[in-house]
Every structure is written in C-alpha cells, then in structure tokens.
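In: would you be able to build a 3D model of this:
(2 chains)
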Amino acid sequence: MSANEIIIDVLKKKARQFRKEILEIITEAGSGHPGGSLSCVEILISLYYYKMKHKPDNPNWPVRDRFIMSKGHASPALYVTLADCGYFPKEELKTFRKLGSRLQGHVHIGVPGVELSTGSLGQGLSVANGIALGARIRKANFNVYCLLGDGEIQEGQVWEAAMTAAHHKLDNICAILDCNKVQENGPVAEIKNEEPIADKWRDFGWHVIEIDGHDFKELIPALDEFDRVKGKPTFILAHTVKGKGVSFMEGNAKWHGKAPKNEELALALRELD
Amino acid sequence: MMQMKATRDAFGETLVELGRKNRKIVVLSGDLEDSTRAEYFKKEFPERFFNLGIAEQDILGTAVGLSLDGLIPFACSFAVFLTNQGYGVLRISICYNKRNVKVIGSHAGLTVGPDGATAQCLEDFAITRVLPNIITISPVDAIETEKATRAMVDICGPVYMRLGRAPFPIITKDSDPFVVGKANILREGKDLTIVATGLLVSESLKAADVLAKENIETRVINMHTIKPIDQEAIIQAAKETKAIVTAEEHQINGGLGSAVAEVLGKNVPVPVEMVAVKDTFGESGDEEGLLKKYHLKDVDIVDAARRALERK
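Out: Residues are numbered from 1 along each chain as shown, chains lettered A, B, ... in the order given. This next block holds a predicted model:
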C-alpha cells in the first residue's frame, strides 16, 4: 500500500468507529437523528483529520479554521468527531441529550470546539459568511467551512446567504452539502425537488465541485481545490446516503429522527464491524 | 416651542462618532441606510459597512458571524422587518448564542405614518420581551438615543433598540443620567403614576400638566428600558401613588403595559390603565392624525388617568 492508501485506510476505520459511536449515543439517549448523522461522517473526518487547522487543546486559537454545523440535528456526528479529536472526554458522550449535559440535542456552543448553536435550519451559512467577512476586515488568514443538509436548503435564508457570499466574493468560505436525498417525511425529490442543485449554486455565483461524499479520495481533492479557488465561494455538493453504513437505515426516512432499540443497535454494530 | 429631533438622526450621528474611536464597530443594513441614518457611518467607513440587500434573516445571521471574532456589529433596518422577518434568527443565532449583536429597528410605531400598517411596527417590545438574554431599549428623545447608543457598545450581549421616523420632542438634558434598566422619574407626584416610553413620554408630561390643573399630582416615569424592566421604580410608584397608567406606541398585548402589569400583579396589585394600540393594525395617515385616531394622545392619557383614579 502507498502512504496515501494507508492514510485513507485509517480514515475509513475511523468512519466505521464514528458510526458505531453515533448509534451508541443516540440509543443511550433514546432519541436523536441517526440518518443525517451517518451521512456526514466522512465529510467531518476529512475536515477535522485532514483539512482544517485547529487545536483541540486550544479551541479558541485565533487563526483556527472555523466550522459551522448548520444542520444542527446531526449533532451526534459532530460531538463524536470533537470527542475523538480530544476537545472533551469521550466519556461525556454518554450524557448526550440528558438533563444538565453540555451535549444538547442540537449542536450547542457550550461544547468545546463548537462555534455556534444551531438547530433551526437555514441559519448557519449567514453566520459563516459573517465570520468570513470579519476575517477579511481583520486581515486574518483562515477559512470557514459550513455543513448544510439538502432538506435544509429549502429554507429561504440559505439562498439569501448564498447571494451574500458570492456578491462579496468570499473565497475563504466553503459550503458543503450533505446531499443524502431524504428528509423527515420522505425523499427530497418528492417533497420539494431541488434539482438541479449544482446549477442553482453555480448560477448563484459559487464554484461548484460535485463528489461522492463517502469517498475520501474525492473529498480530499475537493477540499484542496477550494484552496485554489479565488474570487468566489466554493460549494461542495457531496452526494451521500442517509443512514450510510447500516442496511436497514440507508435511504430510509424513518431513521431521520428516531433512536434504535437495543436489538437494532446490536444489529447495526455487527454490520459496521 | 419645544426642540424636535428624530431619534434615528441622533443614532446615525452617534454611530459614526463611535466608529471613529472603536474600530471593532461594523454596520449591516437591509438597504435602508438612508432611512435608518446608518448611511452616515457608510460614508465615513465604507470598509466596515455592508448593505446586504433586502434580507433581514441574512443580515442578523451575518452580524452573528462578525460578532464571533470580537467585532461589534450593528444590524440596522426597519423595526418591523428585523423583529418580524428576522425573528427566528434573533431567537437562535443571536439570543440563544448570546451574541454581541446590536439590533437597531427604526421607523417603529404608528408614527411611520403614510406607509401604513405593513411598516408600522407595533410588536417589537412583545417579540423581544419573550426572548432570553436580550436587552430592549426605547429612547425617549435624541439626547437619550445618543446615550443609549454609547451604552450598548459597553454591553457584551444582544441589545435591541427601537427608533422612530418622526421628530420627537427633546425632553431630556445632556446632564441627565442614563443607566440601562434604570427608569428616570421626570416629574414627581403622589396621586398617580404614568409609566411611559418613547414618544408617549412627552404626551404623558402634557397629560400631567392637564391633571395638575385639577390638583392631581402625577408622577411621570420614562421607562427607556423595556427589558429588563425597572421593577423597583414600578413597585415604588405603586406603593406611593396607588394607581398606574402605562403609555406606549405599541400593541396593548405584550408590551410595556403588560410588563408593568406583570410586576404589579406579583408585588403591589393596584389599578392599571393602558394607553396603547388596542389589538388592531394601523393604517396610512399623518402622524398626528394617527395618534389621535388610535387614542395615543395626551387627552387619552388623561382619560386613562381618570379611570385609574376612580378604581383606586
């Protein structure tokens, strides 16, 4: 194996581990959003273990790259990633969604490493733009990444923000769409068709890169391409599978916001081994 | 003749002055900087000014992003658009996240005038009062607006300030104290207290003059901070004068009157009469005509005072 292949193998192992942990904490909590958490695992790993400069022992490091999780219901995926990076003890993951915990049901600013509380869909990209604009004003050199859901982009504010980023030529911002094709009550295409998504963002003035959002060999070059794009924001359209990695959850809207029972968890963990 | 000046004018002038001293101040506008007077800042500091177009949710969200790295954003537009269209962002991105964002809503109240109901914000107090972490300020005149604008820069957290389009009578002095959350007594009295905010404070002072002719001594309180409300001033007024009238250019539900009644109900139940817009939308018209038609004039406050006194 080449060095690159070895690294990708390590990342793949991490993805399997994260998927298990995501399902474990949702099961322990008795509620949560497995589908959209499982779909963004490779995206988060590519950001936190490859692309972003950040220091888990110094979450407020001024020149860190910023990450805004606009699809705040996928909090388990982010919490598991942050804990694995060392932002807080893994032990704390058990407190997810419990009374008094920092690990609130939706992504919460009280958690080390989290920049913004989210959960009301559609709000994150505007905030990411604001950080990017602020960096420009202060001549600070860092990038801002924002993860959106494909159900989420039905919110009008996303398109207000899309116009703002392009108008202000924010080339320090990279929006990533976790395009898992399924929302709470069924397929996105049936509920409110968004296609052609890539054309829409291109028409809004973004540099669009379309990839398989589960393939590190596509994610990594896409994130590197963003670095080279000047004068416009970058949109990575990452095609993913809702509930990825668990046969009975994949593509199934039922698993958007439901916790597995213990037997279902056991079944899922076996599949992920 | 009383001197007049719009609170939005005072805000625009103060903001540009603050901008000279404090490089962290940045201003966002919803394509209404000509109206909100944020354009004074734009002219002097174009690199710290952003007209984000007609997109209030995006404006408030972008302001949050700017605040995350220590800048002090002022988001300026009409009160009605920021608090109504922008409500979800105000709630989560700003208030839940405790962001240091200053939300400046101009053209509040009926006195926007001919633009009519869609532009007349009559619910901003109610909307901001139910949100944790935010401070709501409603300055009485241009001088107080200047003080409030300066004060909010020193507060780390969300602040909403309501401004008016029309010139307001100048009734305070440069030397008067201004402390956020601390009401100012403008006139002493032992028979009755009027708790008013914004433009209705000057109407209340006129009403107190009328009542004085009937030997009714009226205390007038300028409640410039709607949230947190100055409970102490309200409780003291209720104990000492035993009847309260509230007066505001806002819906009768959820505004200053409600805030005062909540304090009284819990502490010193005394008769309360509310002068406010009575659960109806406004309409086009001249300022004076609107205030008369919707019963927000000095005579209406006098009537309310009489009712409160009868119930004593």
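In: residue contacts, the residue of the stretch 101-250 of chain A at minimum distance from chain B?
Out: Across the stretch 101-250 of chain A, the shortest distance to chain B (CB to the nearest CB) belongs to residue A:130, at 1.9 Å. For glycine as for every other residue, the C-beta is placed from the backbone atoms N, C-alpha and C. Residue A:130 makes contacts with B:61, B:62, B:63, B:64, B:65, B:66, B:67, B:68, B:73, as judged by CB atoms under 8 Å, 6 or more residues apart in numbering or on different chains.
In: do residue A:232 as well
Out: Applying CB under 8 Å, 6+ apart, the residues contacting residue A:232 are A:166, A:169, A:171, A:205, A:206, A:207.
In: how about it: what's its closest non-neighbour residue?
Out: Leaving aside its sequence neighbours, residue A:232 sits nearest to residue A:207 (CB to CB, 6 or more residues apart in numbering or on different chains; 5.2 Å).
In: restrict the contacts of residue A:130 to contacts with chain A.
Out: For chain A, the contacts drawn from the contacts of residue A:130 by CB under 8 Å from any CB of the partner chain are B:61, B:62, B:63, B:64, B:65, B:66, B:67, B:68, B:73.
In: quick check: mean pLDDT of the helix or strand where residue B:308 lies?
Out: Using DSSP states H and E, the element containing residue B:308 is helix B:298-310. Helix B:298-310 shows a mean pLDDT of 98 in the predicted model.
In: buried ones in that helix?
Out: By 16 or more other CB atoms under 10 Å in any protein chain shown, the buried positions in helix B:298-310 come out as B:298, B:300, B:301, B:302, B:303, B:304, B:305, B:306, B:308, B:309.
In: so where's the stretch 1-150 of chain B shaky on pLDDT?
Out: For the stretch 1-150 of chain B, the stretches with pLDDT under 70 are B:1.
In: which helix or strand lies directly C-terminal to the helix or strand residue A:128 falls within?
Out: Element membership of residue A:128 [criterion: DSSP H and E] is helix A:124-137. Sequence order places strand A:144-149 as the next helix or strand after helix A:124-137, per DSSP H and E.
In: show me what that following strand is in contact with.
Out: In contact with strand A:144-149 (CB under 8 Å, 6+ apart) are residues A:36, A:40, A:43-44, A:47, A:51-52, A:65-71, A:74, A:121, A:124-125, A:128-129, A:131-132, A:135, A:158, A:172-178, A:180, A:183.
In: picking that back up, just send the contacts of residue A:130 back as TSV, with neighbour count, distance to residue B:36 and secondary structure too.
Out: Formatted as TSV, the contacts of residue A:130 follow (neighbours: other CB atoms under 10 Å in any protein chain shown; distance: CB to CB, whole Å; DSSP: H, G, I helix; E, B strand; the rest coil):
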residue	neighbour count	distance to residue B:36	secondary structure
B:61	36	19	helix
B:62	35	16	helix
B:63	35	14	helix
B:64	29	19	helix
B:65	33	21	helix
B:66	33	18	helix
B:67	29	19	helix
B:68	22	24	helix
B:73	28	14	strand
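In: nearest to residue A:59, of the residues you listed?
Out: The nearest member of the contacts of residue A:130 to residue A:59, counting by CB to CB, is residue B:68 at 12.6 Å.
In: up against chain A, what does chain B have?
Out: Residues of chain B that fall close to chain A, judged by CB under 8 Å from any CB: B:26, B:47-48, B:50, B:52-53, B:55, B:57-58, B:60-69, B:71, B:73, B:88-89, B:91-93, B:96-97.
In: re the thing from before, by contact count, what packs against the helix holding residue B:308?
Out: strand B:192-196, helix B:200-212, strand B:244-251, strand B:272-277 (3 or more CB pairs under 8 Å, 6 or more residues apart in numbering or on different chains; DSSP states H and E).
In: just say which of those is most tucked in.
Out: Greatest average neighbour count among those goes to strand B:192-196 (a mean of 31), per mean count of other CB atoms under 10 Å in any protein chain shown.
In: what is that one packed up against?
Out: Judged by 3+ CB pairs under 8 Å, 6+ apart, the packing partners of strand B:192-196 are helix B:200-212, strand B:218-222, helix B:231-241, strand B:244-251, helix B:256-267, helix B:298-310.
In: from the chain's centroid, how far away is stretch A:229-245?
Out: Relative to its chain's centre, stretch A:229-245 lies at 10 Å (CA atoms, centre = their mean, to the nearest Å).
In: could you do stretch B:141-153 as well?
Out: 11 Å.
In: just the residues contacting it, thanks.
Out: With contact meaning CB under 8 Å, 6+ apart, stretch B:141-153 is reached by B:5-7, B:9-11, B:13-15, B:18, B:22, B:25, B:72, B:102, B:135, B:137, B:139, B:159, B:161, B:163, B:168-174, B:176, B:178-180, B:202, B:222, B:224.
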